[in-house]
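1. Here is a sequence together with a model predicted from it:
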Amino acid sequence: MNRPFRTLAPLAALALALAAPAPAEIKAYDLRGMLAEAGGCVFGRIVDKKVQRVVHPQDGELYFTSIFVEGECLLSGKELAVEIKYMGGFVDDEHGAYNSEAPSEDATRIGRRVVAFYGWVDKMGGGVSGNQLWAMHGGLFTSFERRGRTVVQGRGAGYAISCNCALPALREDVRRAAQRAK
């Protein structure tokens, strides 16, 4: 009676191995690496936030949150208004999709001043394209005021902004890192 199970066990193990999903990759970014991949970096105030529902024949029902940031391009110093999208969000209490990699509601509230790294993506899913928040929550950094100066909150090792830094210093770091990334 045990013989059929002995011959099936290797086949079952092989089937499980072939069906196993590819392992997830967690990528650490320094500032230069983030700029090389994302391409865009803005410091500004979130002036609006909207969630879009998309129903696509192949991808199904998807939700995308857009934050609208007005401020300055940290690469050029010029004024900039940009829409930045990420997957997930809720149009109301019952309709939406949670995404564990999305930034927190507090970090993306209207009025919050942030640094956001973004890059154009043609196919985000569901036929949606646009400026995507790079590295999801890892591409968004909040700021606060301290003794009359703006401080951008670092997030630790493996993030593009690892430690708290004054905005003028970050501007310089971004420009230097962008030059080295070229």
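-> Done, it's in.
2. ok, now which ones touch the residue nearest to residue 134 when sequence neighbours are not counted?
-> Nearest residue to residue 134, sequence neighbours excluded (C-beta to C-beta, 6 or more residues apart in numbering): residue 38, at 3.7 Å. C-betas here are computed from N, CA, C, even on glycine. In this structure, residue 38 makes contact with 117-119, 134-135, 139, judged by C-beta atoms under 8 Å, 6 or more residues apart in numbering.
3. can you tell me how far the nearest residue to residue 90 once chain neighbours are set aside sits from residue 55?
-> Closest residue in space to residue 90, ignoring its immediate chain neighbours: residue 96 at 2.9 Å, by C-beta to C-beta, 6+ apart. As for residue 96, its distance to residue 55 is 13 Å (criterion: C-beta to C-beta, to the nearest Å).
4. one step back: could I get the contacts of residue 38 as JSON lines with secondary structure, neighbour count and pLDDT?
-> As requested, those are exported to JSON lines (DSSP: H, G, I helix; E, B strand; the rest coil; neighbours: other C-beta atoms under 10 Å; pLDDT from 0 to 100):
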{"residue": "117", "secondary structure": "strand", "neighbour count": "27", "pLDDT": "97"}
{"residue": "118", "secondary structure": "strand", "neighbour count": "25", "pLDDT": "97"}
{"residue": "119", "secondary structure": "strand", "neighbour count": "18", "pLDDT": "97"}
{"residue": "134", "secondary structure": "coil", "neighbour count": "24", "pLDDT": "96"}
{"residue": "135", "secondary structure": "coil", "neighbour count": "22", "pLDDT": "94"}
{"residue": "139", "secondary structure": "helix", "neighbour count": "26", "pLDDT": "96"}
